[in-house]
Each structure stands twice: as C-alpha cells, then as structure tokens.
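Colleague: The following block contains a protein sequence and its predicted model.
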Amino acid sequence: MSTVSLAQLNSKNRWVVQKFGGTSVGKFFNNICDDIVKPYSQKSRVAVVCSARSSKTKSEGTTSRLLRAADLSSLDGNYQELLEVVREDHVENAKNSIKDSAILAKLLQDTNYECDQVLKLLHASQIIGEISPRTLDSIMSAGEKLSCLFMAALFNDHGLKAEYVDLSNVIASGLDLSVTGFDDKFYSDLAKSFAKKIHDLKANDIIPVFTGYFGVVPGGLLNGVGRGYTDLCAALIAVGIAADELQVWKEVDGIFTADPRKVPSARLLSSVTPEEASELTYYGSEVIHPFTMEQVIKAKIPIRIKNVENPSGDGTIIYPDNVSTKGGQTPPHPPQSFQKIPSAIFHKKKAATAITAKHDIIVLNIHSNKKTLSHGFLAGIFSTLDKRRLVVDLISTSEVHVSMALQHSDDENSSRLLREAVLDLKRFGTVDVTKNMSIVSLIGKQMKQYIGVASTMFSTLAESGINIEMISQGANEINISAVIDQKDSMKALNAIHKKLLETHVDAESIINEKISHLKLVE
Ligand SMILES: Nc1ncnc2c1ncn2[C@@H]1O[C@H](COP(=O)(O)OP(=O)(O)O)[C@@H](O)[C@H]1O
Ligand SMILES: N[C@@H](CC(=O)OP(=O)(O)O)C(=O)O
C-alpha cells in the first residue's frame with residue numbers, strides 16, 4: 001500500500017468509494033479485504049460496492065449463469081441444475097474462506113435463502129412460460145446479493161466492521177421511468193437514496209458493502225443500463241456522499257495505450273478524459289460503464305482505475321482536462337485528490353491516447369436501386385435494423401451506397417434477426433454482408449488538433465498489407481476507425497501502436513514526417 005496515498009487520507013470524514021468487479025471479487029477477495037479496504041479504512045471512510053462473483057471469467061460468472069437459468073426457465077429447460085452450480089460455488093467459497101463459525105453459519109443461511117428465492121422466481125417463470133424484465137432483474141440481483149453477503153462476512157471475519165447493504169429495493173416501485181427517463185432528477189434522487197442508506201448505518205465507523213445491483217427499474221436494469229451496471233451504482237454512491245474519489249478496482253494496472261494482453265509494448269496511461277474512456281469501452285476495451293462518467297464528473301469527483309493485485313500503483317485517473325475538482329479552483333489547477341493527479345492531465349501533448357479493437361463485426365453494404373439516395377432511405381434502413389435491435393457502430397455513406405458496421409454474435413437468435421433484417425433491407429437495393437471483421441479505433445482527444453494522424457493510421461495498415469473495408473472518423477473527432485478482417489487485428493493493433501503510440505512518437509514527429517514526405521514528393 002502506498003504511504004503517499006494513505007498519508008493524504010487524513011480525515012475520517014472523507015470518503016472513498018471502492019468498486020470491485022466480479023472477477024476481482026471471485027479471485028482476490030483476501031487481497032481486497034487485507035491489502036485494500038483495511039488500510040484505506042484506517043485513514044478515511046470507505047464504502048464498498050461489489051459485482052457478482054466470477055471465479056474465472058465474466059461470461060462464466062454468476063450473473064451470466066443466472067441469466068442463462070432465466071432463459072432456461074422460460075423455455076422449460078433444466079434451470080435447477082444451473083442454480084445449484086451457483087449455490088455450490090458460493091457455499092464452497094464461504095466454507096473455505098470464513099473461519100468464525102457464527103459468521104459462517106449466518107452467511108450460509110443467507111446464501112441458501114437468496115438461492116431459494118431465485119428458485120421460486122425461476123419456477124414461476126417456467127409456469128408462465130415467459131419472463132418479464134422485472135423478474136429477470138430480480139433473478140439477476142441475486143448475483144450481487146450473494147457476493148456482497150460474502151464480502152461483508154469476510155470483512156467481519158478479518159476484524160473489520162462491515163455491514164451488508166441491499167440496494168435492490170431502493171427505487172420506489174411507483175416510479176414511471178417511461179415518463180421521466182434516466183434523467184438528471186432520477187440520478188440525483190437515486191444518489192440521495194444511496195447516501196441515506198449510509199446515514200442509516202448503526203455507527204459511523206462501519207464499512208457499508210453495497211450490492212452493485214440497485215433496483216428493479218421500469219423496463220429492467222439490463223435493458224436500461226446493461227451489463228456492468230455496478231460501475232454506475234458506485235458512481236451514484238460517490239455522488240450521494242460527495243466522495244473524494246471513486247476507485248474502480250480491476251485486474252490491470254489501469255488504462256493502457258492498448259490492451260496489454262494483445263500489445264506487449266502498451267504503456268500505462270496516467271490519465272484519460274471521460275470521453276476517451278467512453279470511446280475505449282464502446283470500441284472494445286472494457287474500461288468502465290459509459291453511464292458512470294457523467295454523474296461523477298458533474299460532481300467533480302475523480303475516478304481512478306486501480307489494480308487489486310498491485311494496490312500501491314497510481315493507476316489511471318479519469319478526469320476532464322478542463323474542470324477543477326470539488327472545492328477546487330477553476331482550471332488549470334490540478335484537482336486535489338487522494339493521490340497526486342499527474343500534471344500531464346493538463347499538458348497532454350500526444351496526438352493519440354490509445355488504440356482498441358472490437359471484434360465479431362459484420363459489414364452491411366447497401367447499394368441503392370435509385371440513382372441517388374431517396375428521401376427516407378436512411379430512415380427506412382435504420383427502422384429496419386431497429387426493429388431487430390441491431391445497433392450500428394459505424395456508418396459511411398456515398399451518393400448511392402451505405403456501409404454499416406455492426407457487432408453480431410453467431411447464436412441462433414442473432415442469426416435469425418440478421419437474416420430477417422437483410423431480407424427486409426433488399427427493398428432498398430442490393431445488400432451484401434461481410435462477416436468476421438474487426439473495428440480498429442484510434443482514440444484521442446488531442447487528435448483533432450494535429451494533421452496527419454488519420455493518414456498515418458491508414459498508411460500504416462497499408463504498409464502492413466492489411467486491407468481496409470471501411471473507414472470512419474467519429475463525429476466527436478476523438479475516434480478514427482477502420483474496419484478490417486478480424487484475422488489481421490493483432491497485426492494492426494501492434495503496427496499502429498508502434499507508429500503512433502510508442503513513447504518516442506509524438507504529434508510533432510508525425511507532422512515532421514509528413515512535411516519531409518511532402519518535400520520528397522516535391
Ligand atoms: N486499453 C486497455 N487498458 C487496460 N486494459 C484493457 C485495455 N483494453 C482491453 N483491456 C482488457 O480489459 C480487461 C479489464 O480488466 P478486468 O479487471 O479483467 O475487467 P473486469 O473488472 O471488467 O472484470 C483486462 O483483461 C485487459 O486485458
Ligand atoms: N454482475 C453484473 C454487473 C457488473 O457490473 O459486473 P462487472 O463489474 O463484473 O463488470 C455483470 O456481470 O454485468
């Protein structure tokens with residue numbers, strides 16, 4: 001644990017909110033307790049938010065299992081077996097980890113109760129033969145309930161004073177979000193309700209362990225917010241209690257210039273802006289849920305991404321480059337925080353910040369059967385796609401041609417929806433589909449200020465012998481994307497990273513390279 005960071009936590013009235021993802025809770029619960037929550041709680045108040053446990057990967061984790069069980073129940077399948085896997089996983093983990101017999105007995109009782117509740121819901125869905133978004137949400141909520149019951153028990157077992165806080169009923173049941181939407185008032189009311197849960201704690205040295213699942217929202221949390229909703233929950237808690245910092249703990253040191261598993265020379269970034277973090281998440285590098293940023297940044301609270309396996313690392317701070325923190329002065333004064341915020345946040349000179357890739361992309365090409373694109377042509381295409389819940393990631397149009405890149409999984413249901421959409425789209429012209437593609441995106445808030453970045457990216461692909469299917473420069477000017485064959489994506493990431501993101505390559509050198517190239521041509 002870094003003494004620098006802890007030395008700055010000098011007041012017990014200051015809060016830090018710590019969010020732990022599912023795989024961290026599944027694999028590193030002892031580190032979380034002893035090396036992270038314990039030392040931080042000695043210097044400040046700590047609120048913990050956890051996702052559902054995943055002992056290996058998110059796709060095999062508790063939330064995914066519960067969602068699969070829900071699917072099975074509505075299809076009259078064997079959901080019981082899957083739920084017993086969830087129960088067994090939590091019971092075994094509790095028995096192996098909790099030493100105090102009274103704490104363990106209570107945890108096992110609570111764990112079995114939550115599993116039995118889910119079984120009842122699944123049974124009801126099987127009888128009805130369908131599952132409503134509300135029921136699906138309730139089933140899904142068991143993931144966070146089980147993991148937080150365990151984490152609170154573990155903290156108490158290791159000598160901390162912790163209390164499990166269930167947020168699943170925090171949203172008033174009469175709320176009609178179809179009228180209000182997820183608007184500012186909804187978020188600010190929610191943040192206040194979360195804060196109230198803290199004021200209701202029995203003593204002011206208790207560590208609340210919040211279920212990252214936060215309620216049956218109309219339309220369903222899964223539909224309204226999507227997977228990864230615990231980030232948003234943690235953000236709203238941070239806003240509600242005016243925390244000094246929101247820490248999102250993962251299994252990487254922070255945000256890198258590229259996925260470190262794919263690009264060995266990727267560098268850790270000391271800071272990124274919220275816009276960059278959102279783009280990175282959307283285009284393949286799951287950094288943080290995009291809804292998280294707005295709320296926290298509005299409240300001037302920095303977000304820090306940190307590594308559960310390396311708590312003393314500085315991590316990556318997500319903070320706008322033009323806003324001071326709460327109580328701070330106007331920019332460019334660096335925001336005050338638990339750990340120093342790198343001055344580079346205000347003096348970033350790099351043209352690009354990071355490169356990312358999104359896989360399982362298909363490209364839909366539509367050649368209009370008219371000479372020019374007619375009135376309503378694009379609207380027709382989009383409503384056809386929308387009907388099948390197909391979301392376009394990139395689009396590029398010419399006079400008579402539209403190309404769109406979409407993410408597509410090969411499961412039966414998605415394939416059927418795609419087939420239907422293609423059939424329907426044939427009303428507008430000839431349609432062809434190219435599968436197994438990737439979107440490679442270069443992200444950077446500074447890029448728009450520099451000439452030559454896009455052309456360097458595309459010429460690097462060409463020099464590597466990689467064919468470009470489609471090009472798009474995002475409307476927000478912080479994203480330049482190309483669609484390429486998926487089998488070339490590793491090569492593309494590494495080549496572009498080498499050219500545009502390795503330390504010695506900065507914006508000036510791109511421009512100089514361009515100028516010397518122009519001179520040669522002359
Ligand atoms: N630019 C990037 N910076 C950091 N990690 C990235 C990046 N792009 C992709 N990743 C991957 O995202 C994963 C996020 O970390 P992890 O803790 O596993 O996520 P989660 O908390 O969602 O379970 C890492 O495995 C990492 O390889
Ligand atoms: N457990 C939920 C919510 C979540 O936020 O997960 P994670 O923090 O592990 O991404 C999910 O799997 O989507």
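Modeller: Noted; the coordinates are in hand. Numbers count the residues shown, from 1 in each chain. Ligands and ions are numbered 1, 2, ... in the order given.

Colleague: Give the full set of residues in contact with the residue of the stretch 351-500 of the chain found nearest ligand 2.
Modeller: Nearest residue of the stretch 351-500 of the chain to ligand 2 (CB to the nearest ligand atom) works out as S409 at 16.1 Å. All C-beta atoms are positioned from the backbone trio N, CA, C, and that covers glycine. The contact partners of S409, taken as CB atoms under 8 Å, 6 or more residues apart in numbering, are D360.

Colleague: how about C50, what does it touch?
Modeller: 19-20, 25, 144, 147-148, 151, 209-212, 230.

Colleague: Specify which member of the residues you listed is nearest to V287.
Modeller: Taking CB to CB as the measure, V287 lies nearest K19 of the contacts of C50, at 12.7 Å.

Colleague: quick one, what contacts the nearest residue to the closest one once chain neighbours are set aside?
Modeller: Counting by CB to CB, 6 or more residues apart in numbering, A234 is the residue found nearest to K19 once chain neighbours are left out, at 3.7 Å. Counting by CB under 8 Å, 6+ apart, A234 makes contact with 17-19, 49, 210, 212, 246, 248, 292.

Colleague: A234 and V17: what is the separation?
Modeller: Counting by CB to CB, to the nearest Å, the separation of A234 from V17 is 5 Å.

Colleague: again, but for T230
Modeller: T230 sits at a distance of 11 Å from V17 (criterion: CB to CB).

Colleague: same check, this time on D116
Modeller: 31 Å.

Colleague: Surely I98 is in contact with D110?
Modeller: No. The pair I98 / D110 is not scored as a contact, 11.9 Å apart, by CB atoms under 8 Å.

Colleague: Return the member of the contacts of C50 nearest to ligand 1.
Modeller: F20 (8.1 Å).

Colleague: ok, now which ones touch the residue in the stretch 351-500 of the chain that ligand 1 sits nearest to?
Modeller: The minimum distance from the stretch 351-500 of the chain to ligand 1, using CB to the nearest ligand atom, falls at A354 (5.2 Å). Residues counted as contacts of A354 (CB under 8 Å, 6+ apart) are 255-258, 269, 272, 276, 280, 285, 442-444, 501.

Colleague: of those residues, buried ones?
Modeller: Buried residues within those, counting neighbours by 16 or more other CB atoms under 10 Å: 255-258, 269, 272, 276, 280, 285, 442-444, 501.

Colleague: I'd like to know which of those residues are part of strands.
Modeller: 272, 442-443 (DSSP state E).

Colleague: What score does G228 have for pLDDT?
Modeller: On pLDDT, G228 comes in at 89.

Colleague: what about it, neighbour count?
Modeller: 20 (other CB atoms under 10 Å).

Colleague: before we move on, the earlier item: shared neighbours, A234 and V17?
Modeller: With CB under 8 Å, 6+ apart, A234 and V17 have common neighbours 49, 246.

Colleague: Phi first, then psi, for whichever residue of the stretch 51-200 of the chain sits closest to ligand 1.
Modeller: When scored by CB to the nearest ligand atom, the stretch 51-200 of the chain has K58 as its residue closest to ligand 1, at 5.6 Å. In terms of degrees, to the nearest 10, the main-chain angles of K58 are phi -60, psi -40.
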